[in-house]
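**Q** take a look and give me a structure for this.
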Amino acid sequence: MRVKICGITMVADAVAADRAGADAIGVVLFSDSPRAVAPEKAEEIFSSLGPFTARICVSRTDDPAELDEILALSPTAVQLYCDLPVPPGVRVIRAVSAGRLPPGRYDAVLLDRSEGTGRRYDLNEARSFVLRSPVPVLLSGGLTPDNVGEAVRAVRPYGVDVSSGVEDSPGIKNTQKMTEFIMACRSISP
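**A** The predicted structure is shown next:
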């Protein structure tokens, strides 16, 4: 079970998530989200992580120039909401909300109806999507330390993505909640 802590806005939260055992850290760029950071801040956050923690740039941009700025950060993957021409060699996570496979190239799909609001994805619909998907699926939306176990057992995704479920306020992570979330994921039997 892979765990991505998304919407990191501060180095201290990134370090806490890394130490708690997160597999990936997501930073939001070129967005009106309260969790959006400038490329310089994203670089600072990524530099604070250990060598085995994936660095994910999340963006709703459809501007190739902004994508170039994102790619200049050398992320492990980019998480996009539209089909942009990402060069070969860069992994792409496509976020979808409607339960349909998107067009274009991607290496994984993120089921996301929440968009950082805590809205939960229908677990039966998510399980159906996982069974149909030819690529790994990440489940997000409304996940918390208290409900992630139930969601994972029902959906059996490749990984989970959490943002608001481990926050005190938008963009401000709670170290205890991040630790509890990751521990809950690690305790789920395959």
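
**Q** ok, and for the lengthiest helix in the chain, which residues are buried?
**A** The longest helix of the chain (DSSP state H) is helix 175-186. In terms of neighbour count (16 or more other Cβ atoms under 10 Å), helix 175-186 has its buried residues at 175, 177-182, 184-185. Every residue, glycine included, has its C-beta placed from N, CA and C.

**Q** kindly report the same for stretch 79-88.
**A** For stretch 79-88, by 16+ other Cβ under 10 Å, it's 79-81, 84, 86.

**Q** what's the spacing between that stretch and its chain's center?
**A** 15 Å (Cα atoms, centre = their mean, to the nearest Å).

**Q** can you give me the mean pLDDT across that stretch?
**A** Stretch 79-88 shows a mean pLDDT of 93.

**Q** which residues sit against it?
**A** Here stretch 79-88 makes contact (Cβ atoms under 8 Å, 6 or more residues apart in numbering) with 26, 56-62, 64, 67, 71, 78, 92-95, 102-105, 110.

**Q** and the end-to-end length of that stretch?
**A** Stretch 79-88 stretches 15 Å from its first residue to its last (Cα to Cα, to the nearest Å).

**Q** skip ahead from the helix or strand where residue 109 lies and say which helix or strand is next.
**A** In this assignment (DSSP states H and E), residue 109 forms part of strand 108-111. Towards the C-terminus, the helix or strand next in line after strand 108-111, according to DSSP H and E, is helix 123-132.

**Q** ok, of the buried residues of stretch 79-88, which one's closest to residue 158?
**A** residue 79 (13.9 Å; Cβ to Cβ).

**Q** and the strands in the chain, which stretches?
**A** 2-5, 24-29, 54-59, 77-80, 91-96, 108-111, 137-140, 159-162, 167-169, 172-173 (DSSP state E).

**Q** ok, back up a step: which of the contacts of stretch 79-88 are buried?
**A** Applying 16+ other Cβ under 10 Å to those flags 26, 56-61, 67, 78, 92-95, 110 as buried.

**Q** widest-spaced pair of the residues you listed?
**A** 67 and 110, at 17.3 Å, using Cβ to Cβ across the buried ones among the contacts of stretch 79-88.

**Q** give me the below-cutoff pLDDT ranges for the protein.
**A** Applying pLDDT under 70 to the chain picks out residues 115-117, 190.

**Q** what do you get if the cut-off is 90, keeping everything else the same?
**A** Filtered on pLDDT under 90, the chain yields the residue ranges 96-103, 112-122, 188-190.

**Q** related to what we said a few turns ago, contacting residues around the strand holding residue 109?
**A** 77, 79, 91-97, 99, 101-102, 121, 126, 129, 133, 135-141, 157-158, 161.

**Q** starting at the chain centroid, how far to it?
**A** 9 Å.

**Q** re the thing from before, same list (the buried residues of stretch 79-88) but as CSV, adding distance to residue 6.
**A** Putting those into CSV (distance: Cβ to Cβ, whole Å) gives the following:
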residue, distance to residue 6
79, 8
80, 14
81, 13
84, 19
86, 19
